[in-house]
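Colleague: my questions are about this predicted structure, shown below with the sequence.
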Amino acid sequence: MSKSASGKRLHLLHLHSTFDAGGKERRSTSLINRFGKAVDHSIVSAQPGALGARAQIDAGLSVHFPFGFPSLQGRFGVRRLQTLARAMQGFDLILTYNWGAMDAAMAHAMFGPTLGLAPLIHHEDGFNADEAKKLKTSRNWYRRVALARASALIVPSRQLERVALDVWHQPAGRVHRIGNGIPVKDYEPAKAKRVRPDALPRVVKRPGEKWLGTLAGLRPVKALPRLVRAFRSLPDDWQLVIVGEGPEREAIMAEAMKLEIGHRVHLPGFVAKPADATALFDLFALSSDSEQFPLSVVEAMASGLAVASPAVGDVADIVAAENAPFITPPGDEAALGAALLQLASDEALRRRIGAANQLRAREEFDEAVMVRHHGAIYAAALGLPSFP
């Protein structure tokens, strides 16, 4: 059982930019599940009500969503940050996630020593649409100051590692790159064969259909209307299935209706088990303006799928070499459409690339490695020999 130096159970405070279901949240819930009953958790979302990922947490774990926790976002003010810092008292380890929780990191930097706050570890997974193409100078400065007292900064990609070191000027010993991982065994072909055609809500895979799929939060940075346009040229037996929730639902369907393919575009919403979705896909795509180490790409690979995607973040390094020709220039809608059409038109090619991707996922991206690395960093911050 994981205990602090005083012998009590460890209690972790998670301060998220959002806790709706997405790649960052899937990783966080995977870690919580793997740490098991030995650790208590309290989770706060900067977006009130954005707690969709709680469905991914195993039953029986000690996980709380504290009511009345101060807002993680608002106008900068010393009194507001002091109030936020006081709310972080009493925990053994504070974990912050992305820009939406950066005020909490700043509050920790300003008041941590006087209030005796626990160590803080920040996790940075990427940027929203407002920083997808260029980081904001004011935010870079703010991050640099806010992370001054952090025990560690965890990033999933080489690109973010470079940003942390060169732009945010974080000490090399503080920055840790840990690739995202998944429970690869959950995506094995034997399990996939047992997935029913009606496993997803509001859509059924009919005989003879082929599905181009993606797993994504429906947010502007994911550029999903672009994926709708790139999909338009695929043959009529192909359907586009976009699994996820978010504010862009209406914009995506509006684009599909404008192109007169609304009957071929499906948004089933949140799916608790991504493996159920990827088991029904025949091809996987991303269209994002910004990614770092997208978990959905690894999930698609583990399911034996070929991937078409812009070369954002580490995507080109994640996929197998055989898949590399279908990683297209960022923002190039025509190139993405051409890659999709070539893959959709050649089943043998899809299968060959999918097999190579599946092998790479098994060898490189299993969840156990990710959990072990995170545990080691958490233990070091706590001064413990191991975690949990």
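Modeller: Received, thanks.

Colleague: list the contacts of the residue lying closest to residue 208 once chain neighbours are set aside.
Modeller: Excluding the flanking residues, the one nearest residue 208 by Cβ to Cβ, 6 or more residues apart in numbering is residue 237, at 6.1 Å. Placement of C-beta: from N, CA and C, glycine included. Shown in contact with residue 237 (Cβ atoms under 8 Å, 6 or more residues apart in numbering): 208, 209, 210.

Colleague: what segments of the stretch 101-250 of the chain are strands?
Modeller: 120-123, 152-155, 175-177, 210-215, 238-243 (DSSP state E, counting those that start in this stretch).

Colleague: among those, which is the most enclosed?
Modeller: Of all these, strand 120-123 has the most neighbours on average by mean count of other Cβ atoms under 10 Å, namely a mean of 26.

Colleague: parallel or antiparallel, list what pairs with it.
Modeller: Strand 120-123 sits in its sheet next to strand 93-97 (parallel), strand 152-155 (parallel), going by DSSP bridges.

Colleague: what lies in contact with it?
Modeller: Residues from elsewhere that reach strand 120-123 (Cβ under 8 Å, 6+ apart): 24, 93-98, 101, 105, 108, 112, 147, 149-155, 377-378, 381.

Colleague: and with 6 Å instead?
Modeller: The contact list for strand 120-123, computed with Cβ atoms under 6 Å, 6 or more residues apart in numbering, reads 94-97, 105, 108, 147, 150-154, 381.

Colleague: what's the answer for stretch 210-225, then?
Modeller: 22, 128-129, 132, 231, 237-244, 246, 248-249, 251-252, 255, 274, 280-285, 287-290, 296.

Colleague: please pick the buried ones from those.
Modeller: The neighbour-count criterion (16 or more other Cβ atoms under 10 Å) marks 22, 132, 231, 238-244, 246, 248, 252, 255, 274, 280-285, 287-290, 296 among the contacts of stretch 210-225 as buried.

Colleague: how about the helices of the stretch 251-388 of the chain, start to end?
Modeller: Taking DSSP state H, counting those that start in this stretch to define them, one finds helices in the stretch 251-388 of the chain at 274-278, 295-302, 315-318, 333-344, 347-364, 367-382.

Colleague: quick one: closest of these to residue 30.
Modeller: Among the helices of the stretch 251-388 of the chain, the nearest to residue 30 by Cβ to Cβ is helix 367-382 (5.8 Å).

Colleague: picking up where we left off before, could I get the strands of the stretch 101-250 of the chain as JSON lines with distance to residue 32?
Modeller: Formatted as JSON lines, those follow (distance: least, Cβ to Cβ, whole Å):
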{"stretch": "strand 120-123", "distance to residue 32": "13"}
{"stretch": "strand 152-155", "distance to residue 32": "15"}
{"stretch": "strand 175-177", "distance to residue 32": "19"}
{"stretch": "strand 210-215", "distance to residue 32": "20"}
{"stretch": "strand 238-243", "distance to residue 32": "22"}
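
Colleague: for the helix or strand of the chain with the lowest mean pLDDT, which outside residues touch it?
Modeller: Using mean pLDDT, DSSP states H and E, helix 189-192 stands out as the lowest-scoring helix or strand of the chain, at a mean of 85. Under the contact criterion Cβ under 6 Å, 6+ apart, helix 189-192 has outside partners residue 279.

Colleague: can I get that helix as PDB, trimmed to CA atoms?
Modeller: Extracted C-alpha coordinates of helix 189-192, given in PDB (Å, rounded to 0.1, in the frame of the first residue of the first chain):
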ATOM      1  CA  PRO A 189      -7.800  -9.400 -32.600                       C
ATOM      2  CA  ALA A 190      -9.400 -12.100 -30.500                       C
ATOM      3  CA  LYS A 191     -11.200  -9.500 -28.400                       C
ATOM      4  CA  ALA A 192     -12.000  -7.400 -31.500                       C
END
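
Colleague: ok now it, how far from the chain's centre?
Modeller: Distance of helix 189-192 from the chain centroid (Cα atoms, centre = their mean, to the nearest Å) equals 24 Å.

Colleague: just stretch 141-149 next, same as before
Modeller: Computed by Cα atoms, centre = their mean, the chain-centroid distance of stretch 141-149 equals 23 Å.

Colleague: repeat for stretch 294-306
Modeller: Taking mean C-alpha positions (Cα atoms, centre = their mean), stretch 294-306 and its chain are 13 Å apart.

Colleague: cool, stretch 104-112 as well?
Modeller: Per Cα atoms, centre = their mean, the centroid offset for stretch 104-112 relative to its chain is 25 Å.

Colleague: per-residue confidence averaged over it?
Modeller: Computed over stretch 104-112, the mean pLDDT rounds to 98.

Colleague: again with stretch 376-388
Modeller: For stretch 376-388, the per-residue pLDDT averages 97.

Colleague: buried ones in it, by neighbour count?
Modeller: 377, 378, 379, 380, 381, 382, 384, 387, 388.

Colleague: ok, now how distant is the fifth one from residue 14?
Modeller: Between residue 381 and residue 14 the computed distance is 14 Å (Cβ to Cβ, to the nearest Å).

Colleague: residue contacts, the residue nearest in space to the middle of the chain?
Modeller: In the chain, the centroid-proximal residue (Cα atoms, centre = their mean) is residue 23; its distance is 1.8 Å. Residue 23 sits next to 294, 295 when contact means Cβ under 6 Å, 6+ apart.

Colleague: try 8 Å this time
Modeller: Residues near residue 23 by Cβ under 8 Å, 6+ apart: 125, 180, 294, 295, 296.

Colleague: repeat that for residue 303.
Modeller: 187, 192, 275, 278, 279, 281, 284, 354, 358.

Colleague: what's the closest of the residues you listed to residue 367?
Modeller: residue 187 (11.0 Å).

Colleague: just the pLDDT at the closest one, thanks.
Modeller: Reading off the model, residue 187 has pLDDT 93.
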